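Provided below for reference: sequence and predicted model.
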Amino acid sequence: MLVETRLKRIRKLLLIPFGILLTLALGACGAGTADQTLVADYNNSSTLIADMRMTGTVHAARLQTTLDYSGTRVALAATQSIFLKGTLQALGYDINELNALQEAAMNGSVQFPTATQPAPNFSIEENQPTAAGSTPPAGDNTNVSPTAPADLSGSGPQLVNAALASEVGSDDCPITTTSQFTLNSNIIYLTMRAVNVSAGSTITARWLRPDGEERVFDWTPDFNIDDGCVWMYIDQTDEAFVAGVWSVTIELNGTQATDVLSFRIDDMAATG
């Protein structure tokens, strides 16, 4: 009995240090895990802080760039304002009035006029057929077509709206008027509107070359022309084109009927 009691005491004594060691070991393991968690959280926080700093730096740089640009534009506007004010002052404007106007504009108290759409100052007329066409002799080729009624104060025979063109339409009126041609142009049309021109009248075109030589072509219609387009022409078969400034004068029954028309023939290849 005495021996067993002593053995139990010895076992208890041996178990106490073992328990202490086990407790210390477990405590050491727990402390290591907590330290690792703290280290991981610290590293993660450091990364987030670094990202925030980088993002903030980029935004700050962009904001500074915007501010620098705005400052440059403001300085430029101020310089232009000074130049404008100096120009107006040199033109005789009172500097005090200019300063007052500038201050009023900055305060928003200037009332600018509102733009209004101007009323149209033109009208469109419908074509009224009043004349028939004809084929004049070669060299004085002229056709007649209906056109808009003439609004003329006189009632006698007249030639109006004279123009030069490179092409005429089916109505014998010019498609597009022009005063520039080239040596490659095949034909130059002289168009006009004949009003109250009777049969047997003589329409004359006097073409003046750059060298002063004149070429004259006549056409006499065999019908009355109340109001219609007529055209005459000159081409390379009638007169070889030379570069320079030409002119043409239109006469009706020997009297100049329109202003002299000037046009150019250039020494270059036609384009388009």
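Looks like it came in fine. Numbers count the residues shown, from 1 in each chain.

Would you map the helices across the stretch 101-250 of the chain?
Counting by DSSP state H, counting those that start in this stretch, the stretch 101-250 of the chain has no helices at all.

any low-confidence regions in it?
108-154 (pLDDT under 70).

need the strands for it, in chain order.
Assigned by DSSP state E, counting those that start in this stretch, the stretch 101-250 of the chain shows strands spanning 144-146, 158-165, 180-182, 187-197, 203-208, 214-219, 225-235, 244-252.

In a markdown table, list those strands along with distance to S81 and mean neighbour count.
Every C-beta, even on glycine, is put in place using the N, C-alpha and C of the backbone. What follows is the strands of the stretch 101-250 of the chain, written out as a markdown table (distance: least, C-beta to C-beta, whole Å; neighbours: other C-beta atoms under 10 Å):
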| stretch | distance to S81 | mean neighbour count |
| --- | --- | --- |
| strand 144-146 | 60 | 22 |
| strand 158-165 | 49 | 18 |
| strand 180-182 | 45 | 16 |
| strand 187-197 | 54 | 22 |
| strand 203-208 | 56 | 20 |
| strand 214-219 | 61 | 16 |
| strand 225-235 | 57 | 22 |
| strand 244-252 | 48 | 17 |
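
which one of those lies closest to V58?
In terms of C-beta to C-beta, the element of the strands of the stretch 101-250 of the chain nearest to V58 is strand 180-182, at 59.8 Å.

Tell me the bridge partners for the nearest residue to Q158 once chain neighbours are set aside.
Nearest residue to Q158 in three dimensions, chain neighbours excluded: V195, at 4.6 Å (C-beta to C-beta, 6 or more residues apart in numbering). Assessed by DSSP bridges, V195 has beta-bridge partners Q158, D227.

what about the closest residue to E251 other than its chain neighbours, distance to A162?
Closest residue in space to E251, ignoring its immediate chain neighbours: T204 at 4.1 Å, by C-beta to C-beta, 6+ apart. Distance, T204 to A162, using C-beta to C-beta, to the nearest Å: 13 Å.

One more: L261?
L261 sits 6 Å away from A162, going by C-beta to C-beta.

residues shared between the contacts of these two?
L190, I250 (C-beta atoms under 8 Å, 6 or more residues apart in numbering).

re the thing from before, quick check: neighbours shared by T204 and A162?
I250.

The residue nearest to Q158 and S201 touch, don't they?
No - taking contacts as C-beta atoms under 8 Å, V195 lies outside contact range of S201: 11.5 Å.

which residues are in contact with both of those two?
P157.

ok, P210 touching G244?
Yes - between P210 and G244 a contact is recorded at 2.9 Å, counting by C-beta under 8 Å.

Pretty sure V195 is one of the things C229 touches, is it not?
No - between C229 and V195 there is no contact under C-beta under 8 Å: 10.8 Å.

still on that earlier bit, next, work out how far apart the residue nearest to Q158 and L98 are.
On the measure of C-beta to C-beta, V195 and L98 end up 57 Å apart.

returning to what we had before: so for L48, which of the strands of the stretch 101-250 of the chain sits nearest?
L48 lies closest to strand 180-182 among these, at 74.6 Å (C-beta to C-beta).

List of residues touching the closest one?
S166, I188, F241, F263, R264, I265, D266, D267, M268, A269, A270.

If we use 10 Å, what do you get?
For strand 180-182, the external contacting residues (C-beta atoms under 10 Å, 6 or more residues apart in numbering) are 164, 166, 187-188, 241, 243, 246, 263-271.
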